[in-house]
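J.: predicted model and sequence follow; I will ask about them next.
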Amino acid sequence: MVSDGSLSQEEIDALLSIGGEDDSTEPEDDTHEADVHDYLSTIEIDTLGEIGNISIGSSATTLSTLLNQKVNITTPRVSIVKKAELYEQFSAEHVHVKVNYVEGFSGENVFVVQSKDAAIISDIMLGGDGTDPDTDLTEIHLSAVQEVMNQMMGTAATSMSTIFNKRVNISPPSIEIKEANGDQNFVDEIDEEIFVKVSFQLEVGTLIDSSIMQLIPFPFAYDLVEELLEVSDMEDVKKANEADETLQQSSATIEERVEQKQEKVEQPKEQISTNPGAHQPQYLGSHVDQQNADVQTANFSNFEEVPLSENEHRNLDMLLDVPLKVTVELGRTNRPIREILDLSPGSIIELDKLAGEPVDILVNEKLIAKGEVVVIDENFGVRVTDIVSKTDRIKSLQ
């Protein structure tokens, strides 16, 4: 049968099915990466990742201290997400923490943590071991998570102050729990349509192994990148200028030393050449200097005590008027957050001091003496019973 150049229906269906398979098998991640590069260059993506790596890395250290657990956070992954698609990012109940920058930057971002992870963190903070947390997050649980995030974000702000070379402060974070795929409007108060998503894999001992994410409005993220790149360029120029100055100073110092060496060499040569009675060759060396040297006795200053003048006495007297803060400490104790939250009028807190034991007297937070509590008219007072030795006081200052 001779073909007329047209395609049969079977061939058309086969071509259409091939095209459909290609479209359906296109990797989703490639689309996300293409979206990222549509908005940010490679160096800008790396810069955002480095900012997240430094700030969240320091926060991980704080979290490890608070939970007394080993905390690991992986290298961040930067992507772009649109506001209308945010609800698709969360397949489980989650807690979002909103942080506002009040000094150094003008912007805000949102941290998203899964509810089960927040439950483990709150259980440990409230005195548990995190192995059997209460999945129903109450206000007390959310308050514990909020305090953890407050300290973590405070540490992150300190790290950002270092890398941006300026003071950075945040407001206390707000916290809210959201249902899975239910509320897509939790960032509606942020008037932006594009967000940069920085994702991390969080591991807390053997209790937590899941992902957390940071959502940054795109204009704010772009401002962070531009400012950090500008700071880096200024630091490079400053280092180059300092290196040039150091090189110039070194060159000048070397030239001065060379000139001094030449003068020292030429001076003994002149003395040797003008000595008519020399029958043997004389060499430059220490023995020539010793023979011709004029040795004199060294004179030292008299270190006898000199009486102070009236002005010097007056300067010392000024120190006697410097005010110092005197504190009397009755005792101390450590209590978990659970007990602190349960305090009410009439509660009794047991201290580490025994009844009748001397109290500590501190001056500018340094222990200098011990004493016993007395009553003078209607006021409390302290009778000093013992002065801390000079050795102990010096050790306390170190």
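T.: The structure has been received and is ready for your questions.

J.: where's residue 349 relative to residue 144, distance?
T.: Distance of residue 349 to residue 144, computed by C-beta to C-beta, to the nearest Å: 20 Å. Yep, even glycine has a C-beta here, placed from its N, CA and C like the rest.

J.: so if I had to pick from those two, which one is more boxed in?
T.: More crowded of residue 349 and residue 144, by other C-beta atoms under 10 Å: residue 144, with 23 against 10.

J.: in what helix or strand does the more buried one lie?
T.: According to DSSP states H and E, residue 144 maps onto helix 139-164.

J.: show me the shaky parts of this structure.
T.: Along the chain, segments meeting pLDDT under 70 span 1-34, 87, 89-91, 180-189, 232-255, 257-318, 396-398.

J.: quick check: domain ranges of it?
T.: 27-231, 323-332+352-398 (automatic domain parsing).

J.: can I get those in TSV including distance to residue 342?
T.: As requested, the domains of the chain are exported to TSV (distance: least, C-beta to C-beta, whole Å):
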stretch	distance to residue 342
domain 27-231	10
domain 323-332+352-398	19
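
J.: buried deepest among those, which one?
T.: Comparing these by mean neighbour count (mean count of other C-beta atoms under 10 Å), domain 27-231 comes out on top with a mean of 17.

J.: the chain: helices as residue ranges?
T.: 9-24, 28-39, 42-67, 115-125, 139-164, 218-273, 286-292, 310-319, 337-341, 390-397 (DSSP state H).

J.: figure out which of the domains of the chain is closest to residue 256.
T.: Between residue 256 and those, the tightest spacing by C-beta to C-beta is seen for domain 27-231, at 36.0 Å.

J.: for residue 343, which of the domains of the chain is the nearest?
T.: That would be domain 27-231 among the domains of the chain, by C-beta to C-beta, at 13.3 Å.

J.: how far away is the nearest residue in space to residue 175 that is not next to it in sequence from residue 321?
T.: Excluding the flanking residues, the one nearest residue 175 by C-beta to C-beta, 6 or more residues apart in numbering is residue 146, at 4.5 Å. For residue 146, the distance to residue 321 (C-beta to C-beta) stands at 46 Å.

J.: please apply the same query to residue 331.
T.: For residue 331, the distance to residue 321 - C-beta to C-beta - is 33 Å.

J.: and if you look at residue 353?
T.: 34 Å.

J.: name the nearest residue to residue 135, ignoring sequence neighbours.
T.: With C-beta to C-beta, 6+ apart as the criterion, residue 135 has its nearest non-adjacent residue at 5.5 Å, and that residue is residue 119.

J.: for that neighbour, list the residues it contacts.
T.: The neighbours of residue 119, taking C-beta atoms under 8 Å, 6 or more residues apart in numbering as the test, are 133, 134, 135, 137, 141.

J.: closest to residue 213 among these?
T.: Nearest to residue 213 among these, with distances taken as C-beta to C-beta, is residue 137, at 18.8 Å.

J.: does that closest one touch residue 94 like I think?
T.: No. When contacts are counted by C-beta atoms under 8 Å, residue 137 is not listed as touching residue 94 (10.9 Å).

J.: what touches both of these two?
T.: With C-beta under 8 Å, 6+ apart, residue 137 and residue 94 have common neighbours 115, 177.

J.: and the closest residue to residue 54 other than its chain neighbours, what does it touch?
T.: Distances taken as C-beta to C-beta, 6+ apart put residue 159 closest to residue 54, at 5.3 Å, once the chain neighbours are dropped. Residues in contact with residue 159 (C-beta under 8 Å, 6+ apart) are 54, 55, 57, 58.
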